[in-house]
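**Student:** Take this sequence and fold it.
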Amino acid sequence: MDTRPIELAAHLVPGVVALATYWIAALARKGSGPHRLAGKVYLVAMVALLLPAIPLSWRVLRHFDTGFGVFLFYLLLITATAIWQGWTAIVHKRDFARYTGAGYRRLAWANLLAGAGVLGLGLALLQPIFIGFSLPGLLGGRGMLVLARRGPAHPRWWMGEHLGAMLACGVATHIAFLSIGLPRLLPALAGEGMRVFAWLAPLAIALAMRLWLVRKYLPAPPSRSASAGAPSVG
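**Tutor:** From the prediction side, this is the model:
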């Protein structure tokens, strides 16, 4: 029995749902009913995408390309971390200690070490996609550890965590669409150039969007002049 149509549907249906609900949540007013509902459906769709991706990654690792299989498991880790952060930052927004508990710190170290491993693999294979995508693990893991150690910089720390996590999820969603869905819809776009664009463009756009969203939704850090004029303590 040919199971490929079933496997395709298992990825296609939640993939379409994830792409649609991501943009509904992104465009809806933050905190509104449509935003919350679309966000919940999006996270469920992402989990539905990740679960079948585990045996697929194992198959690639064992039978096709060891390096790419390792990279796929790394992508599963950073995407699962983003899903977990996006949800728990809202659930525990009034309990920072619970949010940054043992599970959070384990994920931080896992991301940091996995990012270092993918960077080394990318340098060894001269693979720019591996090198570029080592940054979410390296910077994300380090940022998680710094946040857990220093504590929140402002009362809306949970918003910063939620925004960063959902942007990371968006990277995964759009990579899947650009590298798998769009070339199937428009075969003329398939090729090496499109492959590199599909992997690196969403990452670059997400980094730029993060800077803009932080400025829009989070309090500005104290200015140097204000810090210099403040009386010293102790």
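**Student:** Helices along the protein, start to end?
**Tutor:** With helices called from DSSP state H, the chain shows them at 4-27, 33-63, 66-91, 96-99, 102-125, 128-150, 157-176, 182-185, 192-217, 224-229.
**Student:** mind checking which helix or strand of the protein has the lowest mean pLDDT?
**Tutor:** Sorting the helices and strands of the chain by mean pLDDT, DSSP states H and E puts helix 224-229 at the bottom, at a mean of 42.
**Student:** so Trp84 touches Ala110, yeah?
**Tutor:** No: applying C-beta atoms under 8 Å as the test, Trp84 and Ala110 come out as separate, 11.4 Å apart. Just so you know, the C-beta spots here come from the backbone N, C-alpha and C atoms, and that holds for glycine as well.
**Student:** Show me which of the two is the more surrounded one.
**Tutor:** For Trp84 and Ala110, the more surrounded residue by other C-beta atoms under 10 Å is Ala110, and the numbers stand at 18 against 15.
**Student:** picking that back up, ranking the helices of the chain by burial, who's on top?
**Tutor:** helix 157-176 (a mean of 22; mean count of other C-beta atoms under 10 Å).
**Student:** which other helices and strands contact it?
**Tutor:** Secondary-structure packing of helix 157-176 (3 or more C-beta pairs under 8 Å, 6 or more residues apart in numbering; DSSP states H and E): helix 4-27, helix 33-63, helix 66-91, helix 96-99, helix 128-150, helix 192-217.
**Student:** Read off the pLDDT value for Ile54.
**Tutor:** pLDDT recorded at Ile54 is 85.
**Student:** ok, it to Leu61 distance?
**Tutor:** Ile54 sits 11 Å away from Leu61, taking C-beta to C-beta, to the nearest Å as the criterion.
**Student:** try His92
**Tutor:** In this view, His92 and Leu61 are 34 Å apart by C-beta to C-beta.
**Student:** remind me which residues of the protein are low pLDDT?
**Tutor:** 1-11, 180-192, 220-234 (pLDDT under 70).
**Student:** Tell me which residue is most central in it.
**Tutor:** Using C-alpha atoms, centre = their mean, the residue of the chain that lies closest to the mean C-alpha position is Ala168, 2.4 Å off.
**Student:** His123 contacts Ile131, correct?
**Tutor:** No His there; residue 123 is Leu. Yes: the pair Leu123 and Ile131 qualifies as a contact (C-beta under 8 Å) at a distance of 6.5 Å.
**Student:** Setting the sequence-adjacent residues aside, check what's closest to Phe197.
**Tutor:** Take Phe197 and drop its neighbours on the chain: the residue closest to it by C-beta to C-beta, 6 or more residues apart in numbering is Leu178, 7.1 Å away.
**Student:** and the one you found, how many neighbours?
**Tutor:** 18.
**Student:** so what's it up against?
**Tutor:** Applying C-beta atoms under 8 Å, 6 or more residues apart in numbering to Leu178 gives the contacts 194, 197-198, 201-202.
**Student:** Closest one to Pro219 out of these, please.
**Tutor:** Checking the contacts of Leu178 against Pro219 with C-beta to C-beta, the nearest one is Pro202 at 27.7 Å.
**Student:** That closest one touches Leu167, doesn't it?
**Tutor:** No: the pair formed by Pro202 and Leu167 falls short of the contact definition of C-beta under 8 Å, at 9.5 Å.
**Student:** what's the spacing between the closest residue to Leu112 other than its chain neighbours and Ala25?
**Tutor:** Among residues not flanking Leu112 along the chain, Gly141 sits closest, at 3.0 Å (C-beta to C-beta, 6+ apart). For Gly141, the distance to Ala25 (C-beta to C-beta) stands at 26 Å.
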